[in-house]
Every structure is written in C-alpha cells, then in structure tokens.
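Chemist: Need a 3D model of the sequence below.
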Amino acid sequence: MKYHFRHFILCNLCSLLFAPFLHAVLVQPGKVVAHPNFKDPLGPEWSVDKGAWTVKNGELVATDIPAQNHAAVLWHQIGLQSAVIDFEFLFDGAKTLVVGCDSAYGHVARLVIAPTNAKIAEDSTEVKKIRPGQTLGETSMNLKSGQWYPVHLEWTGDLMAARIDRAEVKGQHPTLATIKTRWFFAVSGSRLELRNLTVREGVSSATVSASAQKSDASPLEIDPNRPRIEILSQQALNAEEWVVAPLDESVPGGIRQNLVSLREDLADEGKKKPKAGIEAYSLGYQLCNTMVSALDERARMLVRAGYTAKQADANTGVTSPALEANRNYMMSWPQYKREQAQRGELLRQKLKGAKVIKEGSKVEWSTRATQIRSNIDITYAKFRNLMR
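Modeler: Residues are numbered from 1 along each chain as shown. Purely as a prediction, here's the structure:
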C-alpha cells in the first residue's frame, strides 16, 4: 500500500512538472488512436520490422540485433495526417531514437534524438549510408543514460515540431504534407526503453479555437500573402476532418464559406498568376468543390437526423388498446401493479427502439463519410503528385 501511494504521488508530481512543456505546438490533441499499456502483447496494428521489441512491466524495450545490420524498427500501421504523440524514453546503451512517418512510396520525415542533439529531417531524399535527409531544424541536448525524458511530437500539413524534455525543435518542408500510411519508432545501438505512450489525431488549433468560441473566424489557417494553391496543399487534410466529422460533433460554421472562397481564389490565381500547372488548379478546384458538397450533404443529414430523433421521442408514449381497455376505477391493487409493470416494460422497449432509430442516422452518415473520405484522399493524392 505504501509503495502504491508513493508511486501515485510521484506520477502526479511528474505530471505537474512536465505539464507546462507538453502543451500543443501545432495542433490540439483529438481522438486517441493508440494507448498501449505495455503489459499485454501489442495489437495487430503494430508490426516489428527489425530488432527485438518486448513489452515488460508497463515498458517497451527495444534492442537492435547486430546481425541484421539495421536499427530496430517498430511500425504502427495507421496513417496519421495530423498527429500528437506523447511518450517517455530512457537511453540504456542506445545511440539514437527515431520517430518518423512514411508514405506509400517511402520515408517522409523523422525526429532524431541523440544524447547531444535532436533534429527534424525531411526524409524522402535520404539514401542509407550515402546521403542523409535534409535537416529542417536542430537543437542541442544533454541527455543522460538511465534517465527518463518526456517527448511531445506533432505533425500536420508541411510542419513537424517536437519538445524533448525542455528543448524544442521545429521543421517545415512541402514533402511533410505527403499523405502518410504509417509511422514508426527506430532505435540504433543496443537498448532503449519507452513508456506512457499516447497517440492522438491532431486537430487544427485554429479550428478548435473557432469552434469553442462559436465565432465566425475561419477554421483554416490562411495567410493572405501565400499562394492559394499552397494553402490548399497544406490545409486540405485539416478541412477534410471537419467535412467527415461525426454528426454528434460540432463543425465551425465558417469552414464552408472559407472553402468556397478558397475555391474561387484558386480559379482566379490559376488564370492570372499561376504557381503550378493548370491541371493542379483544376484538381484543387475539384477538391474544394467535393468538400463543400460533402458539408452540404452533412447538413441535410443533420436536419433529417434531428427530425427523426424528435419523431422517435414522440413515439415513446406508453399506451396500448389492451392497457386502456383494462383500466377502470374498479381495478384491484394486484391489477394496478400488473398494469404498471406492463407499462414499464412497454416504455423500456419503446425507449430502446427510439435509441436505435436515433443512432441509425449516425451510422448512415459514418458509412457515407467513409466513402467521401476515400474520394477526397484519392483526389488529394493526385493533386499533391502534380504539386511535386
């Protein structure tokens, strides 16, 4: 008991110490994607590529295997276009820890942590042992072996930022906006331990602020001095998350107006001062149009869901011809109790039916949103390919 109490105090003290240094840099943390306890075996979404990865007592121990002549690599086979990743690590003989993300065609970007420095690199140009990736940001570190350090990593659009202990590093490059299909840990040089891993989807800070304040501010981060086609390239995936949001989540009112304005600005820019080929502008216009149409479809679904919910609630009145026929002032007490029990069961069944009806609209939209997301992702991939 004393141990558990001390452990509780220590954990909470650590949380208080680290809290100021683990707030959002680029995006706000959204839905939790992964939170393994490192006591049970890792789920099927995790895949060991190289080295040995062992869960033990709430920690994940990574060890490279010299005969493989490669860093130990653990993939998380979920593509996060915007991510917030928090964890702690401890060097125990390892030389570097890498957290990176990949596209369907190869590496995209990575955070590299070593005892003396940490850096963010664009990874698509890296050729192993021949040419390293382009360093986008770097900071000095003084990390000791055998000591735990917190890491907070985020990426969204063409940006990646991290906080390691109290040091910060940030990088920006167009390649970082490439659609991701997975992310990974990599460890080189003997042994490293990880714990307290939480992986979340990232939500644009601007959109969260706009939604929370119920203002008319645009949820897309638009710099009036940047070419509109570059803005779409960076912000399309943020907008997509609002477009396909579940019906029970609020969507900022300004997003539709912003997408319409961006669509028309793209048409003007492509005609007067193009920064890319005409085909890229055509696909960009199509991408905005698809998202605007999807928002309109979502709005119609919301109206229909609201009407359906009200109708379902109205139909929960507890009555039936048989019950009403039996009710009279001469009812005995046992008859009255039996009728009350029957009415209670009828109410339970009707409430259950109403709940199913209400959830039906959400399920219908979820299915439709998956189709919309797929169409948007395909168009966005073609658009990004033309932008390269």
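Chemist: Can you report phi and psi for residue 68?
Modeler: In this entry, residue 68 is assigned phi and psi values of phi -80, psi -20 (degrees, to the nearest 10).
Chemist: Tell me what the closest residue to it other than its chain neighbours is bridged to.
Modeler: The spatial neighbour of residue 68 that comes closest, neighbours along the chain excluded (C-beta to C-beta, 6 or more residues apart in numbering), is residue 50 at 5.4 Å. Every residue, glycine included, has its C-beta placed from N, CA and C. Here residue 50 sits in beta bridges with residue 73, going by DSSP bridges.
Chemist: Which pLDDT does the model give residue 50?
Modeler: Residue 50 is assigned 93 on the pLDDT scale.
Chemist: what does residue 268 give?
Modeler: 91.
Chemist: Double-check that it belongs to a strand.
Modeler: No: Residue 268 is assigned helix when assessed by DSSP: H, G, I helix; E, B strand; the rest coil, not a strand.
Chemist: Identify the residues contacting the residue nearest to residue 68.
Modeler: Under the criterion of C-beta atoms under 8 Å, 6 or more residues apart in numbering, the contact partners of residue 50 comprise 64, 65, 68, 70, 71, 72, 73.
Chemist: Tabulate the residues you listed (a markdown table), appending pLDDT, neighbour count and distance to residue 369.
Modeler: Rendered in a markdown table, the data for the contacts of residue 50 read as follows (pLDDT from 0 to 100; neighbours: other C-beta atoms under 10 Å; distance: C-beta to C-beta, whole Å):
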| residue | pLDDT | neighbour count | distance to residue 369 |
| --- | --- | --- | --- |
| 64 | 89 | 24 | 41 |
| 65 | 91 | 12 | 43 |
| 68 | 90 | 13 | 42 |
| 70 | 91 | 15 | 39 |
| 71 | 93 | 22 | 38 |
| 72 | 95 | 25 | 37 |
| 73 | 96 | 21 | 33 |
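Chemist: What distance separates the opening and closing residues of stretch 240-248?
Modeler: The first residue of stretch 240-248 is 16 Å away from its last residue (C-alpha to C-alpha, to the nearest Å).
Chemist: residue boundaries of the strands in the stretch 51-200 of the chain?
Modeler: Assigned by DSSP state E, counting those that start in this stretch, the stretch 51-200 of the chain shows strands spanning 52-56, 59-63, 72-76, 82-92, 96-103, 106-113, 117-122, 134-140, 148-156, 159-164, 167-172, 182-188, 191-204.
Chemist: Save those strands as JSON lines, and put in distance to residue 371 too.
Modeler: Listed next are those as JSON lines, based on distance: least, C-beta to C-beta, whole Å:
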{"stretch": "strand 52-56", "distance to residue 371": "36"}
{"stretch": "strand 59-63", "distance to residue 371": "36"}
{"stretch": "strand 72-76", "distance to residue 371": "25"}
{"stretch": "strand 82-92", "distance to residue 371": "21"}
{"stretch": "strand 96-103", "distance to residue 371": "23"}
{"stretch": "strand 106-113", "distance to residue 371": "26"}
{"stretch": "strand 117-122", "distance to residue 371": "33"}
{"stretch": "strand 134-140", "distance to residue 371": "36"}
{"stretch": "strand 148-156", "distance to residue 371": "24"}
{"stretch": "strand 159-164", "distance to residue 371": "29"}
{"stretch": "strand 167-172", "distance to residue 371": "33"}
{"stretch": "strand 182-188", "distance to residue 371": "23"}
{"stretch": "strand 191-204", "distance to residue 371": "20"}
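Chemist: No further queries at this time; thank you.
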